[in-house]
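Asker: Give me a 3D structure for the following:
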Amino acid sequence: MATLDQSVSRRRFLAGAGASLAGAALTLANTECDPAIVRRIEQSRANAAPRHAVWVWQFSIDGAAEEIARNLAANNLAVVVKTHDGTEWMAKYDPMPGAISGPAQVATVAGIFENYGVPFHAWCVVKGTDPIREAGMAADVLAAGARSLTLDVESYDDFWVGTKDDAVTFGAELRRLDPRGRVDLSIDPRPWRIVHIPMREFVDVTDGIRPQLYWDVFNTPDTANAYAYMGFPPGPDGITPEFVLDTAHDLLVPYGRWLVPIAQSVAADSDAWPRFLHKAWELQMGEVDFWRYGVADARTLAYLGQNPPGPEPAMDFP
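Answerer: Residues are numbered from 1 along each chain as shown. Below you'll find the model as predicted:
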């Protein structure tokens, strides 16, 4: 993870943030013209009760699809499976038989999870190298049975390399092919990282934002200093679950999209799980995602299952 880029001044960031806030406010003020509002209404009507979800990277690393499905079903959880990376299906990287090799295999894997009663969602990395083709693959995933598709857009190596125009091209083509499907955006929400991706262009065609909130990973002196430099100084306890949630909430709520925080599945302090879930509930972020299945222990999955979205979550960890 990169630290604060010296080329981004606090004044420049705040100016950009102000523009984003203004744009978000204008969008909310003109809801009749915002396709996202129509999609939100339709998706709310169509979707069953929400569940917390666990992300899967590669079946060869995280486990076989059927094994994961059985375990998530026992804990009343949903799944978010990686289908492709840029213009490559995951079978290029995942040697496990049955890895995602195209839309037909997406449908097969979706069927495995759905047959166990586990809602199947998907995610991919969007790079912007071939936005038309990437948009077509994204639409294919939704058409093959994914209840939603989350676009992982980050500015690190092997992630987003496109321009704002590429983001517009991608979004326009995706929404031409699938005007109504649930599409979310996953980002590194630290304020100095947001300015390096075409945030507004992606938000315009997506329905939710899934910020990656890895409090232990972020809890370093450099990151704490960078947060403070950007106007978000951590408290005396450093970068805590509460801090990353509060900061992400302040930065992202103005975009007017659902917020579904992604938590880390391994924590130095197991008490952090109830604190994270409870704080998310307080901020009206009902659903929570966890990265990732292969490193989550049985207690974490059980706690998520015992505290579904909606009611106030318990503060005791099993």
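Asker: Please work out which residues outside stretch 36-52 touch it.
Answerer: By Cβ atoms under 8 Å, 6 or more residues apart in numbering, the surrounding residues in contact with stretch 36-52 are 27, 31, 76-78, 119, 147, 179-180, 182, 204, 206-207, 256-258, 286-290, 304-305, 308-310. (C-beta placed from N, C-alpha, C; glycine too.)
Asker: if you average pLDDT over stretch 66-73, what comes out?
Answerer: Mean pLDDT, stretch 66-73: 98.
Asker: can you map out the helices along this protein?
Answerer: Here the chain has its helices, by DSSP state H, at 10-29, 35-46, 59-62, 65-74, 103-115, 131-143, 164-177, 191-194, 199-203, 215-218, 221-229, 241-252, 272-282, 298-306.
Asker: Export the fifth one to PDB, keeping only CA atoms.
Answerer: Coordinates of each C-alpha in helix 103-115 appear next as PDB, following Å, rounded to 0.1, in the frame of the first residue of the first chain:
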ATOM      1  CA  PRO A 103     -20.000 -16.500 -18.900                       C
ATOM      2  CA  ALA A 104     -21.000 -20.200 -19.000                       C
ATOM      3  CA  GLN A 105     -18.800 -21.000 -16.100                       C
ATOM      4  CA  VAL A 106     -20.100 -17.900 -14.200                       C
ATOM      5  CA  ALA A 107     -23.600 -19.400 -14.600                       C
ATOM      6  CA  THR A 108     -22.400 -22.800 -13.400                       C
ATOM      7  CA  VAL A 109     -20.700 -21.300 -10.300                       C
ATOM      8  CA  ALA A 110     -23.700 -19.100  -9.600                       C
ATOM      9  CA  GLY A 111     -25.900 -22.200  -9.700                       C
ATOM     10  CA  ILE A 112     -23.700 -24.000  -7.200                       C
ATOM     11  CA  PHE A 113     -24.100 -21.200  -4.600                       C
ATOM     12  CA  GLU A 114     -27.700 -20.400  -5.300                       C
ATOM     13  CA  ASN A 115     -28.600 -24.100  -5.000                       C
END
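Asker: got a list of contacts for that helix?
Answerer: For helix 103-115, using Cβ under 8 Å, 6+ apart, the contacting residues are 65-66, 68-69, 72, 79, 81, 83, 89, 91, 98-100, 119-120, 122, 140-141, 143-146.
Asker: residues near the closest residue to residue 186 other than its chain neighbours, how many?
Answerer: Leaving out its chain neighbours, the residue that sits closest to residue 186 by Cβ to Cβ, 6 or more residues apart in numbering is residue 210, at 4.2 Å. Neighbour count for residue 210, taken as other Cβ atoms under 10 Å: 30.
Asker: Residue 210 and residue 109, how far apart?
Answerer: Applying Cβ to Cβ, to the nearest Å, the value for residue 210 to residue 109 is 20 Å.
Asker: before we move on, what about residue 219?
Answerer: Look at residue 219 and residue 109: by Cβ to Cβ, they are 35 Å apart.
Asker: Likewise for residue 289?
Answerer: With Cβ to Cβ as the criterion, residue 289 and residue 109 are 18 Å apart.
Asker: and the nearest residue to residue 258 once chain neighbours are set aside, what does it touch?
Answerer: Spatial nearest neighbour of residue 258, excluding adjacent residues (Cβ to Cβ, 6+ apart): residue 208 at 3.7 Å. Residues near residue 208 by Cβ under 8 Å, 6+ apart: 148, 182, 184, 185, 257, 258, 259, 260.
Asker: can you rerun that using 6 Å?
Answerer: Applying Cβ atoms under 6 Å, 6 or more residues apart in numbering, we find residue 208 in contact with 184, 257, 258, 260.
Asker: quick one: which two of the residues you listed are the most distant?
Answerer: 257 and 260 (9.5 Å; Cβ to Cβ).
Asker: between the two, who's got more neighbours?
Answerer: Per other Cβ under 10 Å, whichever of residue 257 and residue 260 has more neighbours is residue 260, with 24 against 20.
Asker: show me what contacts the more buried one?
Answerer: Applying Cβ under 6 Å, 6+ apart, we find residue 260 in contact with 208, 210, 287, 289.
Asker: Out of those, which sit inside strands?
Answerer: 208, 210, 289 (DSSP state E).
Asker: And these, which is closest to residue 161?
Answerer: residue 210 (21.0 Å).
Asker: on that earlier part again, now, of the contacts of stretch 36-52, which are buried?
Answerer: Neighbour counting with 16 or more other Cβ atoms under 10 Å marks 27, 76-78, 119, 147, 182, 204, 206-207, 256-258, 286-290, 304-305, 308-309 as buried within the contacts of stretch 36-52.
Asker: Report how many residues lie close to residue 165.
Answerer: Around residue 165 there are 12 other residues, counting by other Cβ under 10 Å.
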